[in-house]
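Asks: Pasting the sequence and the predicted coordinates here, then a few questions.
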Amino acid sequence: MMPDVVTDGIPTWLRAVTEREPADPTGVNPVLDRGSMHRFAAAALRPRQAAVLVLFGGSPDADPQAPGGLPADADVLLTQRAATLRQHRGQVAFPGGGVEPGDDGPIDTALREAREETGLDPAGVEPIAVLPKIFVPPSRFDVTPVVAYWRTPGEVGVVSEAEAARVARVPLAELIDPANRFVVRHPLGYRGPAFAVDGMLVWGFTAGVLAGLLAVSGWEREWDYHDVRDLQASLTAVGMTL
């Protein structure tokens, strides 16, 4: 049976991301583009279905002194994909992957993949929202982000070095710090939001989803979205490659 979305007991600081779809008020987030041309391309390419787990951890109690009530220990679970993978190698990503025949919906897919990639115990996770699908042209996946709260955190880490080089709980305080946010420009023309956090560069699909959620969360701090940097140079600065 497919796991259900939890509606009761959601921490108050997380409610905004369950009640509003990710947004792009700055106009620099092509990941969230759902225009007619984008939908046409997605349909024409017959994308594979996939799901990712956007897993937030932290105290269930809001901090009344912080924007949006964000507690000081709030974080999000990210992985750095192995450099040997065929698609999106070396990139920072949410745990997740393609739908398999035995999966019972996107929540099941996201939890299964997170368990396989990070050793996550799904019993401690409460799914709180299923976001609209996002088409990812480079890999031809239709990806469903599943937002969840880590009610009972446990140990996580690299399960298979063939899949992931690193598993990290990245503090949301670092993600919302304006000093860590800018826009990257790909040699082929892509421009989108990025985060330089915890010795990693988060860009592309993952950064787009995070930026979209931050925009509606109430936690976001004003940042310079006119600061456009070369993607390769930004990757090199943190020891990563394109």
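Replies: Done, it's in. Numbering: from 1, shown residues only.
Asks: Surely residue 55 is in a strand?
Replies: Yes: checked against DSSP: H, G, I helix; E, B strand; the rest coil, residue 55 lies within a strand.
Asks: so who does the closest residue to residue 204 other than its chain neighbours touch?
Replies: Among residues not flanking residue 204 along the chain, residue 91 sits closest, at 6.3 Å (C-beta to C-beta, 6 or more residues apart in numbering). Heads up, the C-betas are built off the backbone N, CA and C, glycines and all. Residues near residue 91 by C-beta atoms under 8 Å, 6 or more residues apart in numbering: 80-81, 203-204, 206.
Asks: Residue 181 too?
Replies: 175, 193-195, 223-225.
Asks: As a markdown table, those residues with pLDDT and neighbour count would be great.
Replies: Below are those laid out as a markdown table (pLDDT from 0 to 100; neighbours: other C-beta atoms under 10 Å):
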| residue | pLDDT | neighbour count |
| --- | --- | --- |
| 175 | 98 | 24 |
| 193 | 98 | 27 |
| 194 | 98 | 28 |
| 195 | 99 | 26 |
| 223 | 98 | 20 |
| 224 | 98 | 11 |
| 225 | 97 | 16 |
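Asks: how about the spatially most central residue of the chain, what does it touch?
Replies: Compute the mean C-alpha point of the chain, and by C-alpha atoms, centre = their mean the closest residue is residue 206, 4.2 Å away. Residue 206 is in contact with 78, 91-94, counting by C-beta under 8 Å, 6+ apart.
Asks: neighbour-wise, which of those residues leads?
Replies: With neighbours taken as other C-beta atoms under 10 Å, the top of the contacts of residue 206 is residue 92, carrying 27 neighbours.
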